[in-house]
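Colleague: coordinates for the following, if possible.
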Amino acid sequence: MTTALGEKIKAIIRATGPISVTDYFSLCLADAEYGYYKTREPFGSSGDFVTAPEVSQLFGEMIGIFMVHAWQRHGKPSNVRLVEVGPGRGTMMADMLRVIARIAPGLHETLCVHLVETSERLRDVQQRTLANYEGKIAWHSGFDEVPPGFTLLAANELFDAIPIRQFVRTANGFRERVIGFDIDGELTFAAGVASLDPALLPDTSRHLPLGTTFEIAPARQAVMTMICDRLAACGGTAVIIDYGHMITAFGDTLQAVRMHEYDPPLEHPGEADLTSHVDFQHLAETARASGVHINGCAHQGDFLIGLGLMERAAALGRDQDDLVQQNIQAAVDRLAGAGEGKMGELFKVLAISSPAIDLMPFRPVD
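Modeller: Purely as a prediction, here's the structure:
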């Protein structure tokens with residue numbers, strides 16, 4: 001199927017030659033005319049995918065509890081910047097603020113919420129979701145606009161939407177994967193001319209079959225460095241939640257989701273959400289190089305359960321009818337369940353701090 005953005009991309013390729021996966025990724029999500037986040041309502045049952053905060057209030061509440069815990073371990077500073085980068089519909093922030101007000105009124109009283117959001121449409125949704133907190137919230141187009149000060153930061157499904165570069169093994173070494181035309185004039189993947197510094201490859205790269213893919217993400221590294229630099233300068237903690245892998249590995253993880261179904265990445269440019277798995281080892285290495293403390297990296301299920309997910313779910317279901325209790329149990333299983341394709345295992349949580357503090361539910365790291 002041809003889309004408006006697909007036609008625009010074809011025109012670009014005809015004029016200038018094949019484009020990189022990075023450029024394709026950026027156009028699909030952020031093209032000013034036809035980009036996915038400019039034109040679609042991605043979230044919820046009527047959208048293309050459901051994020052953890054939309055599954056249940058339990059998710060945002062656990063993140064709120066984690067933020068209170070971090071604030072306490074940092075010595076309860078005042079005038080906290082509570083930051084969310086890529087806040088979706090504002091659901092997670094609403095759930096976080098509700099629990100913070102309940103268990104840490106001292107934090108709630110002086111904090112200021114900063115939402116980093118590029119989409120005007122999503123800002124409108126967030127304003128409606130967070131209408132009770134008018135006057136306490138500031139919106140920014142970039143993280144660099146958030147004023148300095150002690151920072152508690154959350155980023156849920158942010159990094160997966162930041163473009164990657166892909167390289168594919170050819171007879172002449174790894175070459176950048178590009179998008180050009182097949183014999184029918186349709187979009188197809190090919191190997192370009194740009195090569196990859198072998199030092200970036202994992203040690204197991206010697207005996208790889210032709211066609212093996214390796215992904216790097218300089219843009220993700222840049223965002224991670226910016227977050228780390230802020231923590232190093234102002235103090236604070238950041239928690240990053242996304243689907244991905246804990247150890248750098250080979251493989252093509254570029255994927256598109258359209259109406260809750262996986263879609264070939266080149267099939268509906270601009271009309272499907274485009275993402276790829278996050279390399280948490282690389283994010284942690286970036287943080288370490290920036291001089292911040294790594295509290296730990298865990299599966300989402302272990303993280304949520306360690307923060308008291310089961311106890312909170314039981315309290316939420318107490319004195320409720322069977323259907324409500326079943327829905328709560330289904331949400332818990334979806335958020336924290338282990339096994340193939342379950343969020344509890346597929347999603348990882350990385351927490352970083354400056355200065356170094358120990359934070360539950362992570363074990364102290366040397």
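
Colleague: what number of residues lie near R121?
Modeller: A total of 13 residues lie near R121 under the criterion other CB atoms under 10 Å. C-betas here are computed from N, CA, C, even on glycine.

Colleague: N295 too?
Modeller: For N295, the neighbour count with other CB under 10 Å is 27.

Colleague: what is the helix or strand encompassing it packed up against?
Modeller: Per DSSP states H and E, N295 falls inside strand 293-299. With contacts defined as 3 or more CB pairs under 8 Å, 6 or more residues apart in numbering; DSSP states H and E, the packing partners of strand 293-299 are helix 280-289, strand 347-354.

Colleague: go through the first one and flag the buried ones.
Modeller: By that I understand helix 280-289. Residues of helix 280-289 classed as buried by neighbour count (16 or more other CB atoms under 10 Å): F280, Q281, H282, L283, A284, T286, A287.

Colleague: mean confidence for that helix?
Modeller: Looking at helix 280-289 alone, the average pLDDT works out to 95.

Colleague: closest one to R14 among the helices and strands packed on strand 293-299?
Modeller: With distances scored as CB to CB, the stretch of the helices and strands packed on strand 293-299 nearest to R14 is helix 280-289 (35.0 Å).

Colleague: can you tell me what sits against stretch 241-252?
Modeller: 52, 63, 154-160, 166, 202, 204-205, 208, 212-215, 277-282, 297, 300, 343, 346-349 (CB atoms under 8 Å, 6 or more residues apart in numbering).

Colleague: cool, stretch 301-318 as well?
Modeller: 57-59, 61-62, 65-66, 69, 298, 324-325, 328-329, 331-332, 335-338, 342-345, 349, 360-361.

Colleague: then stretch 101-114?
Modeller: For stretch 101-114, the external contacting residues (CB under 8 Å, 6+ apart) are 65, 68, 71-72, 76, 78-84, 93, 97, 100, 130, 133, 136-140, 146-147, 152.

Colleague: now do the end-to-end distance for that stretch.
Modeller: Using CA to CA, to the nearest Å, the end-to-end distance of stretch 101-114 comes to 17 Å.

Colleague: just stretch 23-38 next, same as before
Modeller: Criterion CA to CA; first-to-last residue distance in stretch 23-38 is 16 Å.

Colleague: ok, stretch 26-37 next?
Modeller: For stretch 26-37, the first-to-last residue distance is 11 Å (CA to CA).

Colleague: list the buried residues for it?
Modeller: Applying 16+ other CB under 10 Å to stretch 26-37 flags S26, L27, C28, L29, D31, Y34, G35, Y36, Y37 as buried.

Colleague: would you mind measuring from the fifth one to Y262?
Modeller: Spelled out, that is D31. As for D31, its distance to Y262 is 22 Å (criterion: CB to CB, to the nearest Å).

Colleague: returning to what we had before: the contacts of stretch 101-114, buried ones only, as a ChimeraX selection?
Modeller: In ChimeraX, selecting the buried portion of the contacts of stretch 101-114, with burial taken from 16+ other CB under 10 Å, looks like this:
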select :65,68,71,80,81,82,83,84,93,97,100,130,133,137,139,140,146,152
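
Colleague: which ones among the contacts of stretch 101-114 map onto helices?
Modeller: I65, V68, W71, Q72, M93, L97, I100 (DSSP state H).

Colleague: nearest to A171 among those?
Modeller: Of the ones in helices among the contacts of stretch 101-114, the one sitting nearest to A171 (CB to CB) turns out to be M93, at 50.5 Å.

Colleague: so who does that closest one touch?
Modeller: Going by CB under 8 Å, 6+ apart, M93 touches G60, L82, E84, P87, V113, L115, Q126, T129, L130.

Colleague: still on that earlier bit, dump the buried residues of stretch 26-37 into JSON lines; add distance to T188, secondary structure and pLDDT as well.
Modeller: Output for those, formatted as JSON lines (distance: CB to CB, whole Å; DSSP: H, G, I helix; E, B strand; the rest coil; pLDDT from 0 to 100):
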{"residue": "S26", "distance to T188": "19", "secondary structure": "helix", "pLDDT": "88"}
{"residue": "L27", "distance to T188": "16", "secondary structure": "helix", "pLDDT": "89"}
{"residue": "C28", "distance to T188": "16", "secondary structure": "helix", "pLDDT": "89"}
{"residue": "L29", "distance to T188": "20", "secondary structure": "helix", "pLDDT": "85"}
{"residue": "D31", "distance to T188": "20", "secondary structure": "coil", "pLDDT": "78"}
{"residue": "Y34", "distance to T188": "20", "secondary structure": "coil", "pLDDT": "79"}
{"residue": "G35", "distance to T188": "22", "secondary structure": "coil", "pLDDT": "78"}
{"residue": "Y36", "distance to T188": "21", "secondary structure": "helix", "pLDDT": "80"}
{"residue": "Y37", "distance to T188": "25", "secondary structure": "helix", "pLDDT": "75"}
